[in-house]
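**Q** sharing a model that was predicted from the sequence below.
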Amino acid sequence: MSRIASVGTANPSFSIEQKLGCELMKKHYSDILRPRSVEVLEKIMEHPSIRKRHIAVDGILELISFKNETQEKRIERFTRWGTRLSCDAIRQAIDSAGVGLEEIRVLVVNTCTGYVCPGLTSYIIEELGLSKNVKAFDLVGLGCGGAVPNIDLAQSVLGAQSNGVAVSVAVEICSATYQMGNDMSLIVSNAIFGDGAAAAVIWNRDSGVELVTARSLIDPVHRDDVRYVYKNGHLHNRLSPHLPEIIGETVPGEIQRICEENGLTPADIRHWAIHPGGHKMLEQIKSVLGLDEEAMTHSRNVLKEFGNMSSPSLLFAFKDVLAREIKPGDWCILVGYGAGLSVYTYLLRA
């Protein structure tokens, strides 16, 4: 049975607190933002659920230059930072697992915030000096929940191999999709998203957390409630104002189903790593399932210190879970959700 041996994470060194970020946006986009947009921006960025975010730039001057960033420059920044953060996360994960780069047999990378061909796996293989025969897969379009199907694919491709490992990487440069306007989807996105990467080492050895079973739901009825759309050749995030309620109507049911299929209830789950899509979404999931605050701790901590990084976020939360004392037999769950509308769950056991 495959297990997650370790998780590594990485962020750009540049970070900005919400208060300063809000002031910069109001100052440099005063010619664009309407009073109502400024009001909403201030309300979101003053909320205590997010303290700061990490952004893939070398300093504040580059951040300010987003207003005039060309699409070519944006893709170059996505590729450079996506590769760098992925490699940093992989190095941390393999060091924690005590394995070498030469043991990597499978590499799966998911992202939804940029498209390059060949994909990021090509750049990662080159940067880390991995075997040119590694089985490499680039997954795009999975949205914020992408880390879960990524892990499912990685363990499936690894199969029963005992002499190597699979590495599953979720990386998002959300700032590479930055657009400013009075569309409320853009206002919300600019207030909550950050950049980061996470890597999980998967192996068929006796230590680690066992990957028991995965479940997925794709509901096209809500496709337009959370997605990217192209406008003038640029990605624009679309988030329905009703998204928290939609998440509350769909995600808890999937959690209950994967539990029932394995003779469990949500009360049997000891450790939770839920995608921190936002304060309201976490509150919806908590309320519908009747979870206690402890179950939300890891997700809330990630949201507070990093914002919503899209797909790497739940692995950041799971890394916090692994840092705690997990007792043999404890049940864990990974919960991702996002574009599609998609909901991905993975049941694990220590």
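**A** Looks like it arrived, so ask away.

**Q** so in the chain, which helix runs the longest?
**A** Ranked by residue count and defined by DSSP state H, the top helix of the chain is helix 71-97.

**Q** packing partners of that helix?
**A** Helices and strands touching helix 71-97, by 3 or more CB pairs under 8 Å, 6 or more residues apart in numbering; DSSP states H and E, are strand 3-10, strand 104-111, helix 120-128, strand 165-173, strand 195-203. In short, each C-beta sits where N, CA and C put it, glycine included.

**Q** just give the number of residues close to residue 153.
**A** Other residues near residue 153 number 18, with proximity taken as other CB atoms under 10 Å.

**Q** which other residues reach stretch 38-47?
**A** By CB atoms under 8 Å, 6 or more residues apart in numbering, the surrounding residues in contact with stretch 38-47 are 18-19, 21-22, 25-26, 33, 184, 187-188, 190-192, 279.

**Q** need the max-distance pair from those.
**A** Farthest apart among these by CB to CB are 33 and 279. That separation is 22.7 Å.

**Q** circling back to that earlier point, looking at the helices and strands packed on helix 71-97, which is nearest to residue 54?
**A** Judged by CB to CB, the one of those that comes nearest to residue 54 is strand 195-203, at 5.7 Å.

**Q** pLDDT of the closest one, averaged?
**A** Confidence over strand 195-203, taken as the mean pLDDT, stands at 98.

**Q** list the helices and strands that strand packs on?
**A** strand 3-10, strand 52-54, helix 71-97, helix 147-158, strand 165-173, helix 313-323.

**Q** and residue 22, what element?
**A** For residue 22, the enclosing helix or strand under DSSP states H and E is helix 18-28.

**Q** and after that helix, which helix or strand comes next?
**A** Immediately after helix 18-28, counting by DSSP H and E, sits helix 35-45.

**Q** quick one: work out the angle between that next one and helix 18-28.
**A** Between helix 35-45 and helix 18-28, the angle comes out at 160 degrees (axes from the mean of the first three to the mean of the last three CA atoms, to 10 degrees).

**Q** and helix 35-45, how far from the chain's centre?
**A** Here helix 35-45 shows a centroid-to-chain-centroid distance of 25 Å under the convention CA atoms, centre = their mean, to the nearest Å.
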